[in-house]
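> sequence first, then the predicted structure:
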Amino acid sequence: MTPEIGEEDALRADLYDFLSALLSRPPRADLLARTRALSGDETPLGQAFATLAKLAGQATEASVEREFNRLFIGVGRGELLPYASYYMTGFLNEKPLAALRQDMARRRIARAPNVFEPEDNMASLCESMAGLIRGRFGAVASLPDQRAFFNRHLAPWAAHFFTDLEGAKTSVFYAPVGVIGRIFMGIERDAFRMIGESGT
């Protein structure tokens with residue numbers, strides 16, 4: 001049974017899960033249908049959601065899969081490498097991955113048995129943040145604990161990655177995903193900074 005959390009935290013977890021779903025594999029028909037149903041407002045984040053919903057309405061599973069493959073897989077490698085180690089050191093499987101694995105072990109977060117790529121990819125990190133917020137790994141993580149995980153594993157590179165995704169040559173459907181991620185990571189960073197300053 002998932003612990004009860006506040007509405008704001010539920011929305012945060014939903015957005016982390018949404019980003020994880022879009023970045024972990026090409027979206028299938030059900031996820032595209034849910035994306036088409038999104039609505040926005042006049043804020044930059046709301047406008048990005050509205051753009052993404054419109055693009056989802058024009059997309060097919062095949063077209064988005066082709067874009068996903070060009071962005072993240074490619075021949076040899078995709079246009080982007082969505083890994084903390086790469087963004088923080090310029091190489092894969094470096095110290096950021098080792099540090100993440102230590103934190104995951106301490107929090108009893110295990111990689112799914114059918115997942116073989118390094119755990120420091122953006123999809124997995126977003127999924128981990130959602131799990132910490134919702135208490136999927138035990139108790140709901142405190143805000144200081146969420147802040148510690150975010151500051152160590154996402155803050156140093158997440159905004160850079162999402163900016164790159166927004167501007168990637170092959171990004172169409174994924175361009176507003178980049179905008180959403182970039183804005184959301186900024187909101188999280190600022191909120192955690194305020195929590196730290198207040199001492200809670």
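Sure, I can see it. Numbering: from 1, shown residues only.
> can you give me the helices for the protein?
Counting by DSSP state H, one finds helices in the chain at the ranges 7-24, 29-36, 44-58, 61-72, 84-89, 95-107, 122-134, 143-153, 158-167, 174-198.
> burial of residue 70, as a residue count?
Using other CB atoms under 10 Å, residue 70 has 18 other residues around it. All C-beta spots, glycine's among them, are computed from the backbone N, C-alpha and C.
> which residue, other than its chain neighbours, is closest to it?
For residue 70, ignoring the flanking residues on the chain, the nearest one in space by CB to CB, 6 or more residues apart in numbering is residue 170 at 4.2 Å.
> so what's the residue count around the one you found?
Residue 170 has 17 neighbouring residues, counting by other CB under 10 Å.
> that one reaches residue 68, doesn't it?
No - the pair residue 170 and residue 68 fails to qualify as a contact (CB atoms under 8 Å) at a distance of 9.5 Å.
> closest to residue 114 out of the helices of the chain?
helix 7-24 (11.6 Å; CB to CB).
> pLDDT averaged over the closest one - what is it?
On average, the pLDDT along helix 7-24 is 97.
> report the contact partners of the most centrally placed residue in the chain.
Nearest residue to the geometric centre of the chain (CA atoms, centre = their mean): residue 126, 3.8 Å. Each residue near residue 126 by CB atoms under 8 Å, 6 or more residues apart in numbering is listed here: 16-17, 19-20, 23.
> and if you look at residue 92?
Counting by CB under 8 Å, 6+ apart, residue 92 touches 81, 83, 85-86, 118.
> with residue 23 instead?
With CB under 8 Å, 6+ apart, residue 23 has these contacts: 72, 82, 121-123, 126, 177.
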